[in-house]
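Q: sequence and computational prediction follow.
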Amino acid sequence: MYSEKVMDHFTNPRNVGEIVNPDGVGEVGNAKCGDIMRIYLDVEGDIIKDVKFKTFGCGAAVATSSMVTEMVKGKTLDEAMVISNAAVAEALGGLPPEKMHCSNLAADALHAAIVNYREKQEKKE
Amino acid sequence: MYSEKVMDHFTNPRNVGEIVNPDGVGEVGNAKCGDIMRIYLDVEGDIIKDVKFKTFGCGAAVATSSMVTEMVKGKTLDEAMVISNAAVAEALGGLPPEKMHCSNLAADALHAAIVNYREKQEKKE
Amino acid sequence: MRRVYLDHSATTPVDPEVAALMMTYYTEKYGNPSSVHSFGREAKQALEEARKQVAELIGATPPEVTFTSGGTEADNLAILGAAEALRKKGKHLITSAIEHHAVLETCEYLAKNGFDLTVVPVNEEGILSVEDIRQAIRPDTILISVMHANNEVGSILPIAEIGKLAKEHGITFHVDAVQSLGKLPIDVNAMNVDLLTVSSHKIYGPKGVGALYVRKGVRVVPLVHGGGQEKKRRSGTENTPGIIGFGKACQIAGQRMAEDARHQTKLRDKLMHGILQRIDHVKVNGPIGAKRLPNNVNVSIEFVEGESLLLSLDMLGIAASSGSACTSGSLDPSHVLLAMGLVHEIAHGSLRFSLGRQNTEEEIDYVLEQLPKIAERLRMMSPLYDQAIHTQQAQ
Amino acid sequence: MRRVYLDHSATTPVDPEVAALMMTYYTEKYGNPSSVHSFGREAKQALEEARKQVAELIGATPPEVTFTSGGTEADNLAILGAAEALRKKGKHLITSAIEHHAVLETCEYLAKNGFDLTVVPVNEEGILSVEDIRQAIRPDTILISVMHANNEVGSILPIAEIGKLAKEHGITFHVDAVQSLGKLPIDVNAMNVDLLTVSSHKIYGPKGVGALYVRKGVRVVPLVHGGGQEKKRRSGTENTPGIIGFGKACQIAGQRMAEDARHQTKLRDKLMHGILQRIDHVKVNGPIGAKRLPNNVNVSIEFVEGESLLLSLDMLGIAASSGSACTSGSLDPSHVLLAMGLVHEIAHGSLRFSLGRQNTEEEIDYVLEQLPKIAERLRMMSPLYDQAIHTQQAQ
Ligand SMILES: Cc1ncc(COP(=O)(O)O)c(C=O)c1O
Ligand SMILES: Cc1ncc(COP(=O)(O)O)c(C=O)c1O
């Protein structure tokens, strides 16, 4: 069902956890549909210094969350904003078709966290 | 499918053949339905002295023909007239249900032969 | 790697004795039972022996047993076939909210094609009330279809009482007994059942074989037309080896029923209590005790999602199942759990272990050792868990 | 006792390699292919491998293959499913007079339920004319169903030409290829076939398994509702061991097709000529030469009845079949022989030998030694024989 890479990220998820007092937090999904992803960001200048996630969901949900954090650590916010769910799935070597829509939301959670960060910055300014 | 007794009568049919100048002949069935039975009688007084048959048909048709000849040899004509198809089937230890109607006509052929004999007698008288 | 199979409600291994018997009919006694010759006759004879074995396990006579390609086809034949046969009499059908898809989807297909359907609810244990069925009956009700035991939560439904009611009202009564066959005694006469579905691959017989019991005098319109096999009820060359395997499996199941139930009830209770002891925030789904199938354990591990649990168990060689949407291919979690009133997040976290003949106490110990670690790990990842814990601490 | 099996068109033994593979999936890799765990995944993988193997033998892509419980169900799914899907487009169906009951009865069921049916005749060889099909086409024709090769007389029909015609007219084209699979090359694209039925137990695979090829884009309404397996085309737990066996049997059949055809053609011709040489008043039914399946011999032995021939052969261990009414359970002999213009008495005396991989020249010699004696014995009993002989002598 899942590729080896998906199983690796599911079994050994990167960057799992919370950031205390994060610079940005994004959450997508809801318990009804069975997938919730929350992403925490630590930003320095324009760079994502640290990123963590917490996910309630299936194997694909956990793996995409883990993968997206790995993809953006050290990247600029603008670079991170253009990473799509499809790109995450591709980086994992593909997902089963039925998982492409419902569980492949990690990039959305990331984007939500960046938006959250930017909103906070605007308020500070 | 068939009882042992049926198979015995099919494999070693009794009284198969013709009687030259028979006292009575009866035939039932037609090739369309796949069963034709012809019975030849040799009658002395009221007694069936000899009886032979020829049959085109399935295993049940051959076995019932054989059985009926065995049942009536030496019997009076009146005794023979009351033998039914069902009695023949019973004497064979039963027939498969789908064979009870189409292939179980040997008693009819016998009765036809007796009627034929009696008609001839009437004409003679 | 160690492998512990705890998904017997999905399917069972074939009993070695059954498999060996089938082998003979694949490679040696391979005749078509419709053939006149000895190859055909030996197949036919074995087929009829199997019919007897199936009939015996459900208290029926052999001619009342029609073989099908499985439980799903038997459910379809029962429901579509009876509805078609009775459509002049009425158009109202009654079923329950926790039926298998093979029943529910078929009823819904009919509901889209001119029939009326009442779906009777169940309580939080997954059991319906006979009173609700009584209330649902209309003058034009032609069919009631209720399962004997539920495949997900193991609840046992009051079939004999519904049968009595159906009989009083002259309504045809279909029972899906796929999960109860071989686990609970079944007597189609005592239970007043008119149509009863059974399936081979849940009782250590082969997949792709099932049967529909059709009470003498009850008519079902066939689904499949052709050579007229199975007394014209179900055309197609008979799957003789499969059917013979099913017959044998029924015979064995009948002999072992009490022993199997004792063994599995013990393991079931050990597993269920063990999980409750070792993991907090766990909810048992389905009834506790005698109203539950001897081999069913179903729990919701809150704050974690079912497929993640399954994958984690699988990596340790443990095979189980879940009512999570992610494992059903639909967007909603199990309709059974929702019908029992579970909220979505708890339904998503459901986990079913279904026990079998070969399972051991030691295997249960292994699960009880591993599952808490898995739950812990997934909860540490779960945004729902810390929310819940924070909320609790705040209270 | 010696046993010579010459009824391979009725069913075949399962290839030992196929049976051994299936065994593994009965007792070890017994998972339900819908399950998430490793037992399920290994079953799913093997299932998809089998789909590839079946697709390959008919020139299709794997997603176009839907597994069913046999040829009969596949024929029903094709015809009922396509008719239902296309009923808004039209209501006229075309089939041939020599189809298998699985096709004919299904078409007739539709004819009784609002559809119009044209049954195209065949010539004395059991072959239809494409021109007759063309003539039968109406603006509201939605489906043409014609078999690739006939099961009784082995005639091969001009499928590619009919396919071209159907395509020109935008009519869905179904082919029952149960008897040609593994014996003749099949290419659903070259032949312009939209739906194609195949069955496992005619090609050394297990009974109770078949498949319907459904061209991408063609819709068939399912017969059986439930869990949505087989891309919702055919619900029910998949008969994985059976399907895997079918796949393997297809693979082997593909590899051996030329060799099998050569071997069986040789035996076929030896048997056919041998009978004609040794017994007088024998008529060959079906075409001679290239338009005949390599494994089919069908003769009418005049003046004797088919079942009697079968029983007599059976007592010597020889398994064959007949189009006699007595072996069909109906009151008429084979509809195929009647459609070819045979008179009843000759149709009743028909005898089919269908050859298989394992048959030997020596077995054919045995039949050729025994059959004349049997015919002689039965003719001596037959009232038709002396009539005919007398008539002949009188002439
Ligand atoms: C209650 C119930 N009914 C019907 C079925 C369908 O039976 P089968 O898998 O033989 O199609 C199942 C099993 O999947 C079941 O659990
Ligand atoms: C031409 C043809 N079509 C369909 C079938 C039915 O297939 P099955 O026996 O798998 O139901 C058969 C065999 O009986 C056949 O010979």
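A: Yep, that arrived. Ligands and ions are numbered 1, 2, ... in the order given.
Q: thought C:Leu165 was touching C:Ile133?
A: Yes. If you go by Cβ atoms under 8 Å, C:Leu165 and C:Ile133 touch, sitting 6.2 Å apart. Quick note: C-beta positions are derived from backbone N, CA and C, even for glycine.
Q: the more surrounded of the two?
A: C:Ile133 (24 against 19; other Cβ atoms under 10 Å in any protein chain shown).
Q: distance check, the more buried one against C:Ser96.
A: Noted for C:Ile133: a distance of 8 Å to C:Ser96, by Cβ to Cβ, to the nearest Å.
Q: which residues of the chain fall in helices?
A: Using chain A. Listed in chain order, the helices of chain A (DSSP state H) span A:4-11, A:59-72, A:77-81, A:85-91, A:99-102, A:106-124.
Q: try chain C instead
A: Going by DSSP H, chain C shows helices at C:16-27, C:38-58, C:71-86, C:101-111, C:130-136, C:159-168, C:240-278, C:306-315, C:325-328, C:335-339, C:344-348, C:361-381, C:383-394.
Q: report pLDDT for C:Ser38.
A: The score at C:Ser38 is 95. That number is its pLDDT.
Q: swap that for C:Gln395, sorry
A: 63.
Q: quick one on the thing from earlier: closest to D:Leu316 out of the helices of chain A?
A: helix A:4-11 (61.0 Å; Cβ to Cβ).
Q: touching, C:Leu196 and C:Gly210? I think so.
A: No. Using Cβ under 8 Å, C:Leu196 makes no contact with C:Gly210, being 10.8 Å away.
Q: find residues that contact each of those two.
A: Common contacts of C:Leu196 and C:Gly210 (Cβ atoms under 8 Å, 6 or more residues apart in numbering or on different chains): none found.
Q: among the two, which residue is more densely surrounded?
A: Per other Cβ under 10 Å, whichever of C:Leu196 and C:Gly210 has more neighbours is C:Gly210, with 33 against 30.
Q: in chain A, what helix or strand scores lowest on average pLDDT?
A: None of the helices or strands of chain A scores lower by mean pLDDT, DSSP states H and E than helix A:99-102, at a mean of 79.
Q: near chain C at all, it?
A: Yes. Applying Cβ under 8 Å from any Cβ of the partner chain, one finds helix A:99-102 touching chain C at A:99, A:102.
Q: look at residue 82 and report its pLDDT.
A: No chain in the question, so chain A it is. 96.
Q: meant chain C, my bad for not saying
A: C:Ala82 carries a pLDDT value of 98.
Q: equivalent analysis for C:Gly329, please.
A: So, for C:Gly329, pLDDT stands at 63.
Q: does C:Gly247 touch C:Ala55 like I think?
A: No. Using Cβ under 8 Å as the test, C:Gly247 is too far from C:Ala55 to be in contact (9.5 Å).
Q: the two: which is more packed in?
A: Using other Cβ under 10 Å, the more surrounded residue of C:Gly247 and C:Ala55 is C:Gly247, with 30 against 20.
Q: which residues does that one contact?
A: For C:Gly247, the contact set (Cβ under 8 Å, 6+ apart) comprises C:49-54.
Q: what residues are up against the residue lying closest to it once chain neighbours are set aside?
A: The shortest distance from C:Gly247 to any non-neighbouring residue, by Cβ to Cβ, 6 or more residues apart in numbering or on different chains, is to C:Ala50 (2.7 Å). By Cβ under 8 Å, 6+ apart, the contact list for C:Ala50 reads C:67, C:243-244, C:246-248.
Q: next one, pLDDT for C:Ala50 please.
A: Looking at C:Ala50, the pLDDT reads 98.
Q: re the thing from before, now do the shared contacts for C:Ile133 and C:Ser96.
A: By Cβ under 8 Å, 6+ apart, C:Ile133 and C:Ser96 have these common neighbours: C:120, C:146.
Q: worst mean pLDDT among the helices of chain A?
A: When the helices of chain A are compared by mean pLDDT, helix A:99-102 comes last with a mean of 79.
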